[in-house]
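**Student:** any chance you can model this:
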Amino acid sequence: MAQTIYIPIWPGSGSTVTSASNSTPFGFYDNDTQFQSDAPKVADWCAKRLGYPIMNVEMTDFQFYACFEEAITEYSAQVNQFNIRENMLMLQGTTNSSTNLTQVPIRPNLGRIIRIASAYGSEVGVGGDVTYYSASLSLTESVQRYNLTALFNQIAPGKLVEIKRIYHYAPPAIKRFFDPLSSGGVGSMGFTNMLDVFGYGGYSAAVTFTMMPIYEDLLRVQAIEFNDTIRKSGYGWELVGNDLKIFPIPDAAITSIWFDYIIRTDADSAIYPSGGMYPTSSVVTDYSNAKYDNMQYSNINDVGKQWIKKYTLAIVKELLGAIRQKFATIPIPNNEVTLNGDALKQEAQQEKELLYTQLRENLEQTNRKNQMQAAKEEADNLQSQLKQIPLPIYIG
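**Tutor:** As a prediction, the model looks like this:
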């Protein structure tokens with residue numbers, strides 16, 4: 001005796017969707033009242049698009065609801081993928097809070113760009129997040145060359161030290177400023193008070209500051225500096241590896257020099273230091289943990305819901321095609337019926353690809369670059385129109 005195979009048939013309406021009924025596999029939207037209302041309607045619409053009641057549809061209401069849930073999740077995923085790509089520059093490094101970013105607008109800012117630029121600032125000693133340390137080197141009279149290996153081992157054992165700045169400059173020219181008028185009564189109480197009023201009381205060339213034009217002071221400073229450059233050894237230093245050469249040869253007046261240095265591993269580390277510009281935990285690091293979760297179905301507009309309905313129908317066709325492939329032929333009295341499983345799966349695949357393409361094109365048209373380009377073109381066109389408007393002639 002042949003075994004009877006029972007195939008469930010769509011009864012014409014679906015059961016009520018509630019969180020308690022486990023209507024969908026994941027239950028993402030079962031508590032959403034809008035989803036509870038739309039799910040049976042979408043199931044009925046899909047069944048009628050597939051030929052019901054003229055043709056039987058070999059699916060249950062829970063299968064329709066599962067396809068509906070998948071379509072909403074897929075729409076949410078596609079929109080979220082676009083938003084993550086669009087906003088990653090602002091999101092990376094920010095606190096990964098519990099707030100679903102699908103429910104809040106993202107404020108464009110320069111924070112991430114500034115953080116990237118901070119690495120350049122660290123290299124030149126302007127801002128950044130790499131710690132600068134200071135140390136001093138004791139100089140010996142008439143000794144010009146120094147090996148810094150022992151000093152580096154003392155200040156940073158086992159680490160690579162990089163010197164960023166050495167404080168070894170010529171004395172300022174103002175210290176050697178000769179004032180030809182300094183014998184003009186500087187010691188008198190009245191003149192000293194006058195210099196204090198002008199703010200020059202602490203300078204050696206006090207009289208010149210009040211009696212001479214400013215360019216004369218500048219020329220004299222320049223003459224002193226040129227003299228040091230041409231006739232004397234200029235102040236400077238040369239660092240090759242750990243060997244430092246000091247110019248000019250140190251004398252008894254210079255006993256030490258200070259320098260700034262960094263630990264090279266701090267600058268080369270890919271991890272931002274604790275207490276730096278980034279939070280130390282629970283942060284957005286990449287595409288995988290940006291807090292874009294499933295959208296709330298009731299917050300999706302009608303444009304999105306229409307895409308979801310069409311995608312649900314495509315998934316239903318794909319599922320029904322797989323079911324009908326399982327039972328490719330059904331025996332009937334004196335004959336057999338061939339089901340259209342292959343055709344349904346092929347049609348579903350084409351519809352899904354078309355829907356994907358439409359959605360992605362629409363999303364790309366709304367990215368910041370295209371919106372700014374459209375705003376520029378609109379402004380340019382408006383200016384062109386305004387230029388064609390004749391100016392009124394005023395008659396007084």
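**Student:** pick out the residue nearest the middle of the chain.
**Tutor:** The residue lying closest to the centre of the chain (Cα atoms, centre = their mean) is residue 89, at 1.8 Å.
**Student:** can you tell me the SS state at the residue lying closest to it once chain neighbours are set aside?
**Tutor:** Spatial nearest neighbour of residue 89, chain neighbours left out: residue 112 (4.7 Å); criterion: Cβ to Cβ, 6 or more residues apart in numbering. Just so you know, the C-beta spots here come from the backbone N, C-alpha and C atoms, and that holds for glycine as well. Classification of residue 112 by DSSP: H, G, I helix; E, B strand; the rest coil places it in helix.
**Student:** shaky segments in the protein?
**Tutor:** The model of the chain has pLDDT under 70 over residues 1-7, 20, 175-212, 273-281, 328-338, 396.
**Student:** quick one, domains of it?
**Tutor:** Annotated domains of the chain cover 1-126+280-357, 127-268 [automatic domain parsing].
**Student:** name the stretch among the ones you listed that sits most buried.
**Tutor:** Of those, the one with the most neighbours on average (mean count of other Cβ atoms under 10 Å) is domain 1-126+280-357, at a mean of 16.
**Student:** can you put the domains of the chain in JSON lines and add distance to residue 394?
**Tutor:** Output for the domains of the chain, formatted as JSON lines (distance: least, Cβ to Cβ, whole Å):
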{"stretch": "domain 1-126+280-357", "distance to residue 394": "44"}
{"stretch": "domain 127-268", "distance to residue 394": "52"}
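**Student:** what's the closest of those domains to residue 395?
**Tutor:** Minimum separation from residue 395 across those (Cβ to Cβ) falls at domain 1-126+280-357, 49.4 Å.
**Student:** just tell me which of the domains of the chain ends up closest to residue 392.
**Tutor:** Across those, residue 392 has its closest neighbour in domain 1-126+280-357 (40.6 Å, Cβ to Cβ).
**Student:** re the thing from before, so who does the residue nearest to residue 89 touch?
**Tutor:** Going by Cβ atoms under 8 Å, 6 or more residues apart in numbering, residue 112 touches 89, 90, 92, 93.
**Student:** circling back to that earlier point, isn't the residue nearest to the centre of the chain right up against residue 116?
**Tutor:** No. In this structure residue 89 lies outside contact range of residue 116 using Cβ atoms under 8 Å: 9.2 Å.
**Student:** just give me how far stretch 251-267 sits from the chain centre.
**Tutor:** Centre-to-centre, stretch 251-267 and its host chain are 36 Å apart (Cα atoms, centre = their mean, to the nearest Å).
**Student:** sorry, wrong one. I was asking about stretch 83-96.
**Tutor:** The chain centre lies 5 Å from the centre of stretch 83-96; the measure is Cα atoms, centre = their mean.
**Student:** how about stretch 224-231?
**Tutor:** On Cα atoms, centre = their mean, the centre of stretch 224-231 falls 51 Å from that of its chain.
**Student:** over to the closest residue in space to residue 132 that isn't next to it in sequence: give its phi and psi.
**Tutor:** Spatial nearest neighbour of residue 132, excluding adjacent residues (Cβ to Cβ, 6+ apart): residue 260 at 5.0 Å. Residue 260 adopts backbone torsions of phi -100, psi 140, taken as degrees, to the nearest 10.
**Student:** same deal with residue 144?
**Tutor:** phi -100, psi -30.
**Student:** could you measure from the closest residue to it other than its chain neighbours over to residue 343?
**Tutor:** Of all residues not flanking residue 144 in the chain, residue 249 sits nearest, at 4.9 Å (Cβ to Cβ, 6+ apart). Look at residue 249 and residue 343: by Cβ to Cβ, to the nearest Å, they are 94 Å apart.
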